[in-house]
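Chemist: make a model of this:
(chains A and B)
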Amino acid sequence: MRRVAIVGAGMTDFRSMLPHSSPEMIREAVKRCLDDVGSLSIRYVDGVLCASAPDAFDGYHDKVSIANEAAGAIGKPITRVFVGGGSGVAAAVAGWYHVASGLFDTLLVVAWEKMSPPYPHAQKLFQTIFEPVIEQPLGPNLIWIFALEMRRYMEAHNLTKELIAEVAVKNKANALDHPHAQLGARITVQDVLNSEVMVWPVNRLDISPTSDGAVAILLASEQEARKLTDTPVWIDGVATCLDSQYWTNRDLAFPYYVYLAAQRAYRMAGIVNPLKEVDVWEPYDPFTYKELHHLDGLLGRPGLAPKLLKEGQLHRDGDHPASPSGGLLGVGNPIAAAGLMKVAELYWQLSGRAGKRQVPNAYVGAAQAWGDLMQVGTVVVCRR
Amino acid sequence: MGFNKVYVLGVGELPPSTSMRELDFREATFEAAVRAYADAGVEPDEVEGLFSAEQDFVEGISIADEYTPDQVGTRLKFNMLVAGDFLEALFHAYMALRSGMMELAVVESHARPSEIENYNDVLRSSLDPHCLRPLLSDPYVLLGLDARAFLRSSGCTTHDLSSVAAKNSRNAALSGGPYGEEVTAEQLEEDPFLYEPLRRRHVARFSDYVAVVVLGTEKWGRRSDRAVELAMVWSSGTTSAAHQWMRSWGKMEWVGAALDRVRSAIGTNPIRAVDLIEFTEFSAHQELQFLSAMLGSDGEAVRMLRAGELDPGSTLPLNPSGGCIGNGNSLNSSGARAFVGAVRQLRGEAGRVQVRGARAAIVGSLHSEISDSGTLAFLRTGDAA
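Modeler: As a prediction, this is how the structure comes out:
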C-alpha cells in the first residue's frame, strides 16, 4: 500500500459562542495548518476532504458549500463525509484512501462544527437522529441514552461514580496545557459528583461542552511528505465499523464496533498487542465513561480501562496515557472537529511538538471517535 | 507502485417512479440490495464496506448513514457517508478499493422526493443565508439564469432545449421512465416558461429511486464475465461558493478537470472512446452544457444535437435511458440511476434502449441541480477494458 503521512495540522480555539462564522473558523484552521508546513500555499494542495456533522447546526442544506471557498478549494476536488460524532476520525480515514489510492499526492482534511447558534440548545437537533417511527415520538435526547449506556457499563464492571469522575479530573487538567482548550481546569472528583445531575448517573461535569471550532490536517504521499517535513507522522492503520441502528438490541456494556474497527486498523498497521505497542491514546471522550468504554474496545479487553485508570496509568505520565490533549471533556467538543483534533494531537505528540502536553517516547498512537446512534467506531493508528 | 483495478460486479435498483410510498425507505433499500447481490453473485457476508450518498435535509433524518447497514447487510462493516450525489460516494469507494484497503464494497443511495413537502425550501437553504436566500424564494431561478448565460454564449436556442427534452422524453418512453412520452420539440415549445428560457418540460420533475451497486477489485472481477471495469472516477470542484459570486455562469468548468483525469487513466481522449453518455441533466440546457464541455466546443454540441447525432443508434447516444427529464430528478440518487443505466448498456441488458455494441461509457452527475461541480465515471468492458 502507498504510505500516507500527516505533515501539518492547525486548529482554532474551541469555544462556546466563538465569534466566528463557520467559513471564518475553517479559514483560520486551514491557514494555521498550512503555516505549520512552512507557509505552504493552498495551490500546492491537490484537493480537500471536509467533515461536519448534522447540516442543521449550520442551518445549511448540503453544507460542503460553506467549506469550499473558506478552505481554498475553489476549482479543486472537494467532498464531504460524515458519520455523526465519528466524523472527525472518519475524515482522516477517508483522507487516507484519497492519497493511498494514488489519485492525490496532497490532501487537506478539514473538519468544523458550529454548535452554539441552535436555539434553545444543540441537543434539540439531535432528536432527528433517532428512528422516526419508534423512537422520535418518545422525544429522546442523547443524554438519556448515554445514561443508559453508562449505567450498564457501571453494572457490568462494578464501577463507582467516583472512579469514572476521575476521567473528567484528568482530562480537564490535561487541557490546561492545550492552547486552544475551552474547559481546562483543576477540579476534583467531588466537584464532578456535586455538579448538577442531568440524567442519573450522568452529572454535568461528566459531559463535554457544546463548542464551536475547526481543525485541519495536511496529508501527503511518502514522496511529498519527505519534501515537506522532517517529521512526518505516518497513518499506518485506518478503519471504521458501523453497527446496527437498533441500539436497544445490543449489550451496551462493550463497544463491539470500536473493537472491530481497532482490530482492523491494528492489522493494517502490523500491531499485535496494542497495550504494549501503542504509546499514546486519544479515545473519544464526550462523556467521562466513554473514554473508558472506548479504551476497552481499543484494547479488546472489557473492563481493563477502569483498572488502568485506577492505577494512574492513563495519566499523561502513566504507562498508557489517554487523552493527553485534554480530550473533548477539556479541549471541547465541536463534534467533527473534536475527532480530527484527536488525530492532530497524535501528529503533535508523535512529531515531538506537543509542548507541555508531550508524552515521552511516543512512537505509536491511536485515535478514535464514535457516533451515529451509538453505533459507529472510527480509528486511525499513527507512527512516528 | 501498483493500484487495484476496480470492477462493477452487480447492480440492483427499484426503478424510478413518481412515488414509492408502498415501501418504507428501508424496505426499498433492502430490496435493491437483494437484487444487487443476486446480480453480482456475492453474499452480503463477503462485503467489506459500505459507501452511501445521502443528505440530512432530504432524508428528514440527521446522520442518515445510521439507517443503511441493516438494510444493505453491512452491519459491523466499514462505513462512510458521503454527502452528495451517488457518484461522489462511488468516487470514495473507488479510491478505497484502488488503495488496497478492501476488495469488495457496496455503494448505496436512495431518494424519496415524493415525501418531501418543501423541497424548494431545502434546496434554497444550500445558498448563502444573507445574500441569496432572501432574494430567491425559488432556487430554481438559478437554473434559468445559468440557461440564459449558456444560450447567450453558445448560440443555442430555446428550440434546441426543447429538442433535448423531447429526445430524452422519447428515450424514457422506451426505457419505461415515469416521464417518458412520445413528444416533439415543437410540442414542447408550446409549454409555458418556468424559469425563462426554460420551459415546463425542460426541467426534470421528481421521482423516487433507490440503487445499490457492488464493486470489487480484480480478484472479484475475474470471477465474472459480466463485470464492467470502472476505469476512473473523478469528482471535480466548483467555481463558486454558497454565495455564487464567483460562479462561471453558463459553463461547466468542472468537466475539463475530470476529463483530464479520465484521459490520463485510459490513455486516450475519452470522448472518442465512448459509445454512449449518461448524464444527470436536471434541465435541458445542462445536457448541452455538459456535452459542450466534453467536446471543448459549444458549437459542436449544438451541431450534433441538430443533426440527430445524440439520438439512440446514432454517433454518440446521450442519455439513451431518458436522463432526468425522462426518468425524473431523484436528487442525490440521480447519478445512481444514470450509472446503473450505463452498466446495463455495457452488459447488453438495456432492452429497448440498448446501444448496439456498447463497450465504453461515460457517466456524469452534478453535485446538485444548481451546483457547478460534478463527477465523471468511465466504464468499459470487453475489448475496451
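Chemist: residue in the stretch 151-300 of chain A nearest to chain B?
Modeler: Per C-beta to the nearest C-beta, A:Leu242 is where the stretch 151-300 of chain A lies closest to chain B, at 3.5 Å. For glycine as for every other residue, the C-beta is placed from the backbone atoms N, C-alpha and C.
Chemist: for that residue, give the beta-bridge partners.
Modeler: A:Val376, B:Lys77 (DSSP bridges).
Chemist: what's the spacing between it and A:Gly355?
Modeler: To A:Gly355, A:Leu242 is 36 Å away according to C-beta to C-beta, to the nearest Å.
Chemist: check B:Asp225 too.
Modeler: Distance from B:Asp225 to A:Gly355, by C-beta to C-beta: 60 Å.
Chemist: over to B:Leu136?
Modeler: In terms of C-beta to C-beta, B:Leu136 sits 48 Å off from A:Gly355.
Chemist: among the two, which residue is more densely surrounded?
Modeler: When B:Leu136 and A:Gly355 are compared for neighbours, B:Leu136 comes out ahead with 17 against 10, by other C-beta atoms under 10 Å in any protein chain shown.
Chemist: so which strand or helix has the more buried one?
Modeler: Of the helices and strands defined by DSSP states H and E, none includes B:Leu136.
Chemist: residue contacts, it?
Modeler: Listed by C-beta atoms under 8 Å, 6 or more residues apart in numbering or on different chains, the contact set of B:Leu136 reads B:124, B:127, B:142.
Chemist: again with A:Glu291
Modeler: A:167, A:171, A:283-285, A:305, A:314, A:322-323, A:327, A:329.
Chemist: if we use 10 Å, what do you get?
Modeler: Neighbour list for A:Glu291: A:164, A:167-168, A:170-171, A:281-285, A:305, A:309, A:314, A:322-323, A:327-329, A:368 [criterion: C-beta atoms under 10 Å, 6 or more residues apart in numbering or on different chains].
Chemist: please apply the same query to A:Ser65.
Modeler: Contacts of A:Ser65 by C-beta under 10 Å, 6+ apart are A:23, A:78, A:80, B:126-128, B:238, B:240-244, B:367-368, B:371, B:373.
Chemist: if I look at it, how far off is B:Val164?
Modeler: Shown here: A:Ser65 relative to B:Val164, a distance of 27 Å by C-beta to C-beta.
Chemist: which of the three states applies to B:Val79?
Modeler: Wrong residue type there; residue B:79 is Asn, not Val. The local conformation at B:Asn79, judged by DSSP: H, G, I helix; E, B strand; the rest coil, is strand.
Chemist: look up the closest residue to it, ignoring the ones flanking it.
Modeler: A:Leu242 (3.5 Å; C-beta to C-beta, 6 or more residues apart in numbering or on different chains).
Chemist: thought the one you found was touching B:Arg75?
Modeler: Yes. A:Leu242 is within contact range of B:Arg75, at 7.2 Å (criterion: C-beta atoms under 10 Å).
Chemist: between these two, who's got more neighbours?
Modeler: A:Leu242 (33 against 20).
Chemist: just the strands in chain A please.
Modeler: Using DSSP state E, the strands assigned to chain A run over residues A:4-11, A:47-51, A:78-81, A:106-114, A:197-199, A:202-203, A:212-221, A:233-242, A:280-282, A:364-371, A:376-383.
Chemist: which among those strands is found nearest to B:Ala258?
Modeler: For B:Ala258, the closest of the strands of chain A is strand A:47-51, at 12.3 Å, according to C-beta to C-beta.
Chemist: now for that closest one, which elements pack on it?
Modeler: Judged by 3 or more C-beta pairs under 10 Å, 6 or more residues apart in numbering or on different chains; DSSP states H and E, strand A:47-51 is in contact with helix A:22-36, helix A:64-70, strand A:78-81, helix A:87-100, strand A:106-114, strand A:212-221, helix A:335-350.
Chemist: paired strands for the fifth one, with orientation please.
Modeler: To tie it back to what came earlier, the one meant is strand A:106-114. In the sheet, strand A:106-114 lines up with strand A:47-51 (parallel), strand A:212-221 (antiparallel) (DSSP bridges).
Chemist: how far does the longest one sit from its chain's centre?
Modeler: This points to strand A:212-221. What separates the centre of strand A:212-221 from the centre of its chain is 12 Å, taken as C-alpha atoms, centre = their mean, to the nearest Å.
Chemist: report the angle between that strand and helix A:335-350.
Modeler: 50 degrees (axes from the mean of the first three to the mean of the last three C-alpha atoms, to 10 degrees).
Chemist: then the first one?
Modeler: With the same axes, to 10 degrees defining the directions, strand A:47-51 sits at 120 degrees from helix A:335-350.
Chemist: just the CA trace of strand A:47-51, in CSV.
Modeler: Coordinates of each C-alpha in strand A:47-51 appear next as CSV, following Å, rounded to 0.1, in the frame of the first residue of the first chain:
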residue,chain,number,x,y,z
GLY,A,47,-7.9,18.5,-3.0
VAL,A,48,-10.0,19.0,0.1
LEU,A,49,-11.9,16.5,2.1
CYS,A,50,-14.2,18.0,4.7
ALA,A,51,-16.3,16.8,7.5
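Chemist: if we can go back for a sec, most neighbours among the contacts of A:Ser65, which one?
Modeler: Neighbour-wise, the contacts of A:Ser65 (other C-beta under 10 Å) top out at B:Ser373, 32 neighbours.
Chemist: looking at it, that residue is touching B:Glu253, isn't it?
Modeler: Yes. Between B:Ser373 and B:Glu253 there is a contact at 9.1 Å, judged by C-beta under 10 Å.
Chemist: find residues that contact each of those two.
Modeler: Residues touching both B:Ser373 and B:Glu253 (C-beta under 10 Å, 6+ apart): A:75, B:236-239.
Chemist: emit the ChimeraX select command for whichever of those residues are buried.
Modeler: The ChimeraX selection below is limited to those of the shared contacts of B:Ser373 and B:Glu253 classed as buried (16 or more other C-beta atoms under 10 Å in any protein chain shown):
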select /A:75 /B:236,237,238,239
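Chemist: now the two most distant members of the shared contacts of B:Ser373 and B:Glu253.
Modeler: Longest span within the shared contacts of B:Ser373 and B:Glu253, C-beta to C-beta: B:Ser236 and B:Thr239, 10.0 Å.
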